[in-house]
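Engineer: What shape does this take:
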Amino acid sequence: MPERSVLQPQLLQLIFSPNSRHRRDNDGAMEEVRGLVKALTKADQPEAIADVLRALAKAPVTVPILHELKCGAVVSKLRKHENESVSTEAKLLIKQWKGLAAAAGVPQTKAPAPPPQKTHSFAVDDLGDPTRQAARKKLQATLGEDASDADSYPAAEAVELALHRKWPNLQQPDQKRDYVAKLRQLSFNLKKNSELRSDVNSCAEIKILRRIRVDLHAIDATPAR
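Structural biologist: Prediction:
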């Protein structure tokens, strides 16, 4: 039967000592918390980890101790532990320490907000063909990585029209297969090559949309950067 804990006896005594929470001497408190943090990093059984977390919740922790020992970094890693008891105790402890820091006037740091997702003001025309529809959306998303919708939408349409001119009957399996394969190649090169995206977007911007001639061979042959 596996041992319940891998902690040393003196550390177990430290954890469960009824007087441990009343030690207010700064040096003693620092050493107590240091021992618990060390025990936490060595514990490998969920029950033992949860025991140490509960002991830390009762320990005489101060904001300077948290900063000195980097307690938050150690405990935060356990918030996603596969054991529910461990993850719950870790979340509760982090919440407790955040409250302690807030009460001491420590400014709370917030995670940076994710960048807003780019939305397209140009709608992809309904072509009545799901394959072509998906191709234009894919091309527009790729060309629009570093260009405005006003540039990327006409460019995506122009590239798709050139593809469709070469393989006009997508009802035929062979043509559809070649159309999709070429689309993937183009999308890959465009995604990896910012200069190529810029060239295609600029080309679409200065020419009448339905008279653009896209050199598929040149796009396909341009090495990704």
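
Engineer: and residue 65, how many neighbours?
Structural biologist: Residues lying near residue 65 (other Cβ atoms under 10 Å) number 18. Where you see a C-beta, it was placed from the backbone N, CA and C, and this is true even at glycine.

Engineer: That one and residue 29 touch, don't they?
Structural biologist: Yes. At 6.4 Å, residue 65 counts as touching residue 29 under the criterion of Cβ atoms under 8 Å.

Engineer: Give me the mean pLDDT for the one helix or strand residue 54 maps to.
Structural biologist: Using DSSP states H and E, the element containing residue 54 is helix 46-58. On average, the pLDDT along helix 46-58 is 91.

Engineer: Can you point out the buried residues in that helix?
Structural biologist: 46, 48-56 (16 or more other Cβ atoms under 10 Å).

Engineer: just stretch 82-100 next, same as before
Structural biologist: Buried positions in stretch 82-100, judged by neighbour count with 16+ other Cβ under 10 Å: 86-87, 89-91, 93-94, 97.

Engineer: Ok, stretch 176-196 next?
Structural biologist: Here stretch 176-196 shows 179-180, 182-183, 186-187, 189-191, 193, 196 as buried, counting by 16+ other Cβ under 10 Å.

Engineer: which one is residue 59 nearest to, not counting chain neighbours?
Structural biologist: Nearest non-adjacent residue to residue 59, counting by Cβ to Cβ, 6 or more residues apart in numbering: residue 33, 5.3 Å away.

Engineer: I'd like to check the angle between the helix or strand harbouring the one you found and helix 46-58, please.
Structural biologist: Assigned by DSSP H and E, residue 33 belongs to helix 26-42. Using axes from the mean of the first three to the mean of the last three Cα atoms, to 10 degrees, the direction of helix 26-42 lies 160 degrees away from that of helix 46-58.

Engineer: Tell me the helices and strands packed up against helix 26-42.
Structural biologist: Judged by 3 or more Cβ pairs under 8 Å, 6 or more residues apart in numbering; DSSP states H and E, helix 26-42 is in contact with helix 9-16, helix 46-58, helix 63-69, helix 71-76.
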